[in-house]
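Visitor: next one to model:
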Amino acid sequence: MSYGTADSLRPVTLDDVRGAQKMLTGVARATAMEGSRHLSQLVGSPVHLKCENLQRTGSFKLRGAYVRIAGLLPEERAAGVVAASAGNHAQGVALASSLLGVHATVFMPNGAPLPKISATREYGAEVRLHGQVVDETLAAAEEYAAETGAVFIHPFDHPDIIAGQGTVGLEILDQCPEVGTIVVGVGGGGLAAGIAVAVKAIRPDVRIVGVQAAGAAAYPPSLAAGHPVTVRHPATMADGIRVGRPGDVPFAIVRDLVDEVRTVGEDHLSAALLLCLERAKLVVEPAGASPVAALLAEPGAFPGPVVAVLSGGNVDPVLMQRVLRHGMAAQGRYLAVRLRLTDRPGALATLLGVLSVVDANVLDVSHVRTDPRLGLAEAEVELHLETKGPAHCVEVGHALREAGYTVID
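Guide: Next up, the predicted model:
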């Protein structure tokens, strides 16, 4: 599999994916597939989780990166490779290059999480920090490629990348031959395109559903227009699928072979991440949890058996904490209330006693005494509470009002 400009436009076939699978033997893991009782009950048919979050480097990206770099000509390898990424692609390129003995330079934005920067370096790549957003980082990487002759390794817009990612589809058919629907997150489209090429060639009856974050959904308008279009300023917690424009190569495949592309909101993304952690005991990043988010949003829309591809698990601990709290709030398990009380000794203890009776766990308390809206003997208190669900939240609010407190909406 070699690779000039003309080659980047060639079609991707089942033979390409099978060739990639042979190439990846002993390199990429055939990741586990785990059943989910909770999601199966919700959807009404068996649901299985394809755990690419347990892949080497923590995501599916190693598959495509290795196939792409392994196919370079000797003189291209000698010039080295360069990539731009905020995380998963960076680590995939770094490890693949190290395994193949190729020098890799990876440009990452200045705001990239430190764990991802450290991991990329530990896998053997030279890391250069540039820009504040990935578009600036991408421009720097392309400039570096033009100046040095290093081969630019695109995260999704090349046939070899797509063929490598398509090996996930072959594994799904092997592990779950009766699959009815495959649900997969979509950013630039490389993973969805690869899975579609592999699966539709063998089982054209399998329904393939792509999932995008609503704030970064470039595929729906692109499919409507018939060509890739750019979404300006894509915004979502799911940085792994925060891509403003589909790749030209994967777009054509997604257009022809993927049955549907759905969108999900931030509440469902955070709830999905929380569910994976609590119910499946799996650490999954928001982008990797997007297929689960789609199942939560409309469980009746997916003929079973269903395979949801958990595409990655590289989540920054700080973001994880924020997303989990967001997910708890979305499920009614986290409640923030502000109220006024008389500013006198023992008043806070009395308030906490009311909360204790209704079994609300107090996580944080803050006081305001100097707001001009407050009376001379008043204080405002903000409470962050851990609750047991929406009904419990209502019970807490009722108990506070019954006790005479003014709850500020």
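
Visitor: need the longest helix for the protein.
Guide: helix 159-175 (DSSP state H).

Visitor: helix or strand next in line after it, which one?
Guide: Counting by DSSP states H and E, the next helix or strand C-terminal to helix 159-175 is strand 181-185.

Visitor: hmm, who's touching that following strand?
Guide: Applying CB atoms under 8 Å, 6 or more residues apart in numbering, the contact partners of strand 181-185 are 169, 172, 191-192, 195, 199, 206-212, 238, 240-241, 287-288, 290-291, 294-295, 302-309, 311. From N, CA and C alone the C-beta is placed, and that goes for glycine too.

Visitor: what about those residues, which are in helices?
Guide: 169, 172, 191-192, 195, 199, 290-291, 294-295.

Visitor: give me the contacts around the helix or strand of the chain with the lowest mean pLDDT.
Guide: Least confident element among the helices and strands of the chain, by mean pLDDT, DSSP states H and E: helix 317-330 (a mean of 74). The contact list for helix 317-330 (CB under 8 Å, 6+ apart) reads 113, 115, 237, 266-274, 277, 283, 286, 315, 334-336, 386.

Visitor: give me the buried entries from these.
Guide: Among these, those classed as buried by 16 or more other CB atoms under 10 Å are 113, 237, 266-274, 277, 283, 286, 315, 334-335.

Visitor: now the phi/psi pair for the residue sitting nearest the centre point of the chain, please.
Guide: Closest residue to the average C-alpha location of the chain: residue 287 at 1.0 Å, with CA atoms, centre = their mean. Residue 287 adopts backbone torsions of phi -60, psi -40, taken as degrees, to the nearest 10.

Visitor: just give the closest residue to it, not the sequence neighbours.
Guide: Nearest residue to residue 287 in three dimensions, chain neighbours excluded: residue 240, at 2.9 Å (CB to CB, 6 or more residues apart in numbering).

Visitor: would you check that that neighbour makes contact with residue 312?
Guide: Yes: proximity of residue 240 to residue 312 meets the contact threshold set by CB atoms under 8 Å, at 5.6 Å.

Visitor: if we can go back for a sec, can you lay out the ones in helices among the contacts of strand 181-185 as CSV showing neighbour count and distance to residue 80?
Guide: Output for those, formatted as CSV (neighbours: other CB atoms under 10 Å; distance: CB to CB, whole Å):
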residue, neighbour count, distance to residue 80
169, 33, 31
172, 23, 34
191, 33, 26
192, 35, 30
195, 33, 30
199, 26, 35
290, 34, 33
291, 32, 35
294, 28, 39
295, 26, 42
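
Visitor: residue ranges in this protein under the pLDDT threshold?
Guide: 1-9, 133, 368-377, 409 (pLDDT under 70).

Visitor: all strands of it, in order?
Guide: 33-35, 47-51, 81-84, 104-108, 126-129, 151-152, 181-185, 207-213, 260-264, 306-310, 334-342, 361-368, 378-386, 406-408 (DSSP state E).

Visitor: list the pairing partners of the fourth one within its sheet, with orientation.
Guide: Strand 104-108 sits in its sheet next to strand 81-84 (parallel), strand 126-129 (parallel), going by DSSP bridges.

Visitor: and for the second one?
Guide: For strand 47-51, the paired strands and their directions (DSSP bridges) are strand 33-35 (antiparallel), strand 306-310 (parallel).

Visitor: among the strands of the chain, which comes closest to residue 397?
Guide: Set against residue 397 and scored by CB to CB, the strands of the chain come closest in strand 406-408, at 6.1 Å.

Visitor: can I assume residue 211 is in contact with residue 186?
Guide: Yes: Residue 211 is within contact range of residue 186, at 6.2 Å (criterion: CB under 8 Å).

Visitor: now do the shared contacts for those two.
Guide: Taking CB under 8 Å, 6+ apart as the contact rule, residue 211 and residue 186 both touch residue 261.

Visitor: rebuild the strands of the chain as TSV, extending it with distance to residue 355.
Guide: Below are the strands of the chain laid out as TSV (distance: least, CB to CB, whole Å):
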stretch	distance to residue 355
strand 33-35	38
strand 47-51	37
strand 81-84	49
strand 104-108	45
strand 126-129	46
strand 151-152	57
strand 181-185	39
strand 207-213	36
strand 260-264	34
strand 306-310	37
strand 334-342	10
strand 361-368	6
strand 378-386	7
strand 406-408	12
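
Visitor: out of those, which is closest to residue 145?
Guide: strand 151-152 (4.3 Å).

Visitor: can you pull the contacts of the closest residue to residue 53 other than its chain neighbours?
Guide: Computed as CB to CB, 6+ apart, the closest residue to residue 53 that is not its neighbour in sequence is residue 313, at 3.0 Å. Neighbouring residues of residue 313 by CB under 8 Å, 6+ apart: 53-54, 58-59, 282-285, 288.

Visitor: among the residues you listed, find me the one that's closest to residue 180.
Guide: Using CB to CB, residue 288 is the member of those that sits closest to residue 180, with 21.5 Å.
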